[in-house]
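Enquirer: heads up, no residue letters with this:
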């Protein structure tokens, strides 16, 4: 392991990158006790903060890339330390110093996003291929709503069903919407948490310009990560838009009577709270309200839910990195669902959908439990 760096410049680098909140920490250890990594292995958040305070930072420590920015530690911290900002600053320092210890899968993904605007490195002109057979309009300033599906359903055939279901629902409800297709790029939320601030700002500026040029005012998103960036981060770059998550919009359509779930779905269903929808943005009840509207559906709560939900493990760039078997949060979550006899695990995030589908396959449980986005369940019911 590389030697620690005991010099003032190390602290300055982190502070300049946004990590100043570490000074508030008084080492109570609640962050380490709360972190989901400690369900599967040892990960001392407190140790990292302490080393940062002393300027004893090992910039080659692989643990620097474990944090999924789920926000559980921030919610528990008695001093309100923004631990996510510290982790982001440490990573930003590594990227800024040109160090080679960025994990290879993450490095490749960031390169893909920089070159093609998406993490899979697919051609930008294929971004709207998922909607080819659905007769979806290209957004113009005359449309009421822009639907921004997220890179994952755009390019991953295993996940695109959630975007296609959303389109089907919007059409059924008579919503005037469109998509931008090749004009849009990755929102950049995970890129920022992975320490590449420059690329994040470039993506934000590119998307904001595309939204403005096309007269976008209202944006519907499937991903809580897109929601978080557009709603909470883009305003810092002049991008002020009305942003709504699909679960919020579905709840509204049901309240207004524009869609009516009528087909019975007689299965036991549990809902998983995504970190960036729940802890980060306080959206808990709308997804449950939407699921409860489906006739015959038996909705049960997992042992850890609402603010205590266990992260799927896909945040902060971990979606694109390999996690050892036995250390996957998604496996723990599926085990909780299976113990309750759940037949469908409902999600509201493309990242969660990907992580849980991968876990179900690796655990040979695909014939026992289905992973479905809420939009897919609603489409089946209307």
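Expert: Nice, I can see it. As the structure is a prediction and not an experimental result, all values here were calculated from the model.

Enquirer: Now do the strands in the stretch 51-200 of the chain.
Expert: Using DSSP state E, counting those that start in this stretch, the strands of the stretch 51-200 of the chain run over 56-57, 145-148, 177-178.

Enquirer: can you put those strands in CSV and add mean pLDDT?
Expert: Shown next, in CSV, are the strands of the stretch 51-200 of the chain (pLDDT from 0 to 100):
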stretch, mean pLDDT
strand 56-57, 74
strand 145-148, 98
strand 177-178, 98
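
Enquirer: Now render these as CSV, adding distance to residue 237.
Expert: The C-beta positions use only the backbone N, C-alpha and C, and glycine is treated the same way. CSV is the format used below for those (distance: least, CB to CB, whole Å):
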stretch, distance to residue 237
strand 56-57, 29
strand 145-148, 17
strand 177-178, 24
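
Enquirer: Quick check: which of the ones you listed is buried the most?
Expert: Of all the strands of the stretch 51-200 of the chain, strand 145-148 carries the top mean neighbour count, a mean of 23, counting by mean count of other CB atoms under 10 Å.

Enquirer: The closest residue in space to residue 251 that isn't next to it in sequence: helix or strand, and which one exactly?
Expert: Closest residue to residue 251 apart from its sequence neighbours, by CB to CB, 6 or more residues apart in numbering: residue 286 at 4.3 Å. According to DSSP states H and E, residue 286 maps onto helix 285-292.

Enquirer: The helix or strand just after that helix: partners in the sheet, and parallel or antiparallel?
Expert: As assigned by DSSP H and E, the chain's next helix or strand after helix 285-292 is strand 298-300. Partners of strand 298-300 in the sheet, by DSSP bridges, are strand 268-271 (parallel).

Enquirer: Mind listing what's buried along the partner strand?
Expert: By neighbour count on 16 or more other CB atoms under 10 Å, the buried set for strand 268-271 is 269, 270, 271.

Enquirer: do stretch 308-327 as well
Expert: Within stretch 308-327, the residues that count as buried by 16+ other CB under 10 Å are 309-321, 323.

Enquirer: Averaged pLDDT, the longest helix along the chain. What do you get?
Expert: In the chain, assigned by DSSP state H, the helix with the most residues is helix 197-213. For helix 197-213, mean pLDDT rounds to 97.

Enquirer: got a list of contacts for that helix?
Expert: Identification of contacts with helix 197-213 by CB atoms under 8 Å, 6 or more residues apart in numbering yields 17, 92, 95, 110, 113-114, 117, 146, 180, 183-189, 191-192, 216, 219, 229, 233-234, 237-239, 241.

Enquirer: what do you get if the cut-off is 7 Å, keeping everything else the same?
Expert: Residues outside helix 197-213 that contact it (CB atoms under 7 Å, 6 or more residues apart in numbering): 92, 110, 113-114, 180, 183-188, 191-192, 233-234, 237-239, 241.

Enquirer: Now, those residues that are in helices?
Expert: Under the assignment DSSP H, the contacts of helix 197-213 contribute 92, 110, 113, 114, 191, 192 to helices.

Enquirer: Including distance to residue 59, neighbour count and pLDDT, could those go into a markdown table?
Expert: Formatted as a markdown table, the ones in helices among the contacts of helix 197-213 follow (distance: CB to CB, whole Å; neighbours: other CB atoms under 10 Å; pLDDT from 0 to 100):
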| residue | distance to residue 59 | neighbour count | pLDDT |
| --- | --- | --- | --- |
| 92 | 11 | 25 | 87 |
| 110 | 17 | 21 | 94 |
| 113 | 23 | 25 | 97 |
| 114 | 22 | 15 | 95 |
| 191 | 19 | 27 | 95 |
| 192 | 19 | 24 | 95 |
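
Enquirer: list the contacts for residue 351?
Expert: Residue 351 is in contact with 152, 225, 312, 314, 315, 319, counting by CB under 7 Å, 6+ apart.

Enquirer: how about it, secondary structure?
Expert: The three-state label for residue 351, taken from DSSP: H, G, I helix; E, B strand; the rest coil, comes out as helix.

Enquirer: Check residue 263 too.
Expert: Three-state call for residue 263 (three-state DSSP): coil.

Enquirer: which residue packs closest to it, ignoring adjacent ones?
Expert: The nearest residue in space to residue 263 (CB to CB, 6+ apart) is residue 381, at 4.9 Å.

Enquirer: now swap in residue 360 and tell me
Expert: Using CB to CB, 6+ apart and skipping the chain neighbours, the partner closest in space to residue 360 is residue 366 (4.9 Å).

Enquirer: Just the pLDDT for the one you found.
Expert: On the pLDDT scale, residue 366 is placed at 96.

Enquirer: Give me the number of neighbouring residues for residue 24.
Expert: By other CB atoms under 10 Å, the residues close to residue 24 number 12.

Enquirer: my read: it touches residue 82, true?
Expert: No - assessed by CB atoms under 7 Å, residue 24 is found out of contact with residue 82, at 8.7 Å.

Enquirer: I'd like to know how far residue 163 sits from residue 244.
Expert: According to CB to CB, to the nearest Å, residue 163 and residue 244 sit 16 Å apart.

Enquirer: which of these two has more neighbours?
Expert: Comparing residue 163 with residue 244 by neighbour count (other CB under 10 Å), the higher total belongs to residue 163, at 27 against 20.
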